[in-house]
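*Asks:* Predicted structure and sequence below. I'll ask about it afterward.
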Amino acid sequence: MTIPRLTLDHIACRYGDLDVLEDISLTVQPGEFVSILGPSGAGKSTIFSLLTDTVKPASGTMAFDGEPLGKRQNPFAFMPQRDALMPWRKIIDNVTLGLEVQGIKRREAREQVGALIDEFGLAGFENNYPSALSGGMRQRAALLRTVVQQRKMLLLDEPFSALDALTRTRMQTWLETMWLKHRWTAMLVTHDVREAVYLSDRIYVLSPRPAKIVRTFDIPLSRPRGRDAVSRAAATEIENAILETLFDPTGGTLP
Ligand SMILES: Nc1ncnc2c1ncn2[C@@H]1O[C@H](COP(=O)(O)OP(=O)(O)OP(=O)(O)O)[C@@H](O)[C@H]1O
């Protein structure tokens, strides 16, 4: 059996008196795209804070490639909710930032990102400042900065939440294409049920705080998940089941 890339086992977490996570168990296999969906304030981002070691669990265990988390170098590349590009750095210098922080010389860092600039639709904009780019381009630049760090797993915290609906849809399609090509191991936190279904191999749905995993959805839709009628019908069925779980995590009858 493959050792999961990431395992959370009965994790609980609180901030002072506030119980945020009550019981979170999940796994992510190498090359999987997994999403976390849940009501606002349930503790989705807190799961990322636990992984990136900015918060400690009250109980439970976390393992990466079979080893307890924390006993090895940080295996995560984290992309925060907002693009967080530095407005005073050119796009190329924003994108190489993560590598430079790792101690890689700027010239070498530029060489490493060079091949991907085109794939990320940023060719010709390397020397622009973030303010000159569209929202979608800024998010692609932020994602490029995240993936070039070559960590073992990507953590994406609502990466498209600030984008308009059309750009967001385009970005989802683009991200799936890129994921199919590179097979990153990824975990996405999102409010958007359709986005989660479109992108994920598996979705964990959280209850309101203190959060538990109320249901796990494997998404058996074939890839690439174009937007044709057949896949839409199957996807809609899954979306509806997820929405019902979100509206009524106890599984009772909806009013
Ligand atoms: N550093 C912190 N100190 C104290 N409370 C915090 C801290 N970070 C988050 N919280 C609280 O913990 C709860 C969960 O927050 P978190 O950001 O993890 O939820 P979320 O599900 O990601 O929310 P949203 O969907 O609105 O982004 C919230 O009530 C929040 O106010």
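*Replies:* Ah, there it is.
*Asks:* Okay, now the unreliable bits of the stretch 51-200 of the chain?
*Replies:* Filtered on pLDDT under 70, the stretch 51-200 of the chain yields the residue ranges 71-73, 83.
*Asks:* just the helices in it please.
*Replies:* Under the criterion DSSP state H, counting those that start in this stretch, the stretch 51-200 of the chain carries helices at the ranges 91-95, 97-101, 106-119, 135-147, 165-182, 193-199.
*Asks:* any chance of those helices in TSV, plus mean neighbour count?
*Replies:* Heads up, the C-betas are built off the backbone N, CA and C, glycines and all. Output for these, formatted as TSV (neighbours: other CB atoms under 10 Å):
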stretch	mean neighbour count
helix 91-95	23
helix 97-101	17
helix 106-119	15
helix 135-147	22
helix 165-182	16
helix 193-199	22
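*Asks:* So which of those is nearest Ala77?
*Replies:* helix 135-147 (4.6 Å; CB to CB).
*Asks:* so can I have CSV of the helices of the stretch 51-200 of the chain showing distance to the ligand?
*Replies:* Below are the helices of the stretch 51-200 of the chain laid out as CSV (distance: least, CB to the nearest ligand atom, whole Å):
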stretch, distance to the ligand
helix 91-95, 24
helix 97-101, 23
helix 106-119, 29
helix 135-147, 17
helix 165-182, 16
helix 193-199, 13
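*Asks:* For those, could you give me TSV that also reports distance to Thr27?
*Replies:* Converted to TSV, those look like this (distance: least, CB to CB, whole Å):
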stretch	distance to Thr27
helix 91-95	31
helix 97-101	26
helix 106-119	29
helix 135-147	22
helix 165-182	18
helix 193-199	17
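*Asks:* what about these, which gets the closest to Val34?
*Replies:* Closest of these to Val34 is helix 193-199, at 9.5 Å (criterion: CB to CB).
*Asks:* Check the offset of the closest one from the chain's centre.
*Replies:* Mean C-alpha position of helix 193-199 versus that of the full chain (CA atoms, centre = their mean, to the nearest Å) differs by 12 Å.
*Asks:* Give me the helices and strands touching whichever helix or strand comes after that helix, please.
*Replies:* Scanning forward in sequence from helix 193-199 by DSSP states H and E, the next helix or strand is strand 202-206. Secondary-structure packing of strand 202-206 (3 or more CB pairs under 8 Å, 6 or more residues apart in numbering; DSSP states H and E): strand 33-37, strand 211-218, helix 229-247.
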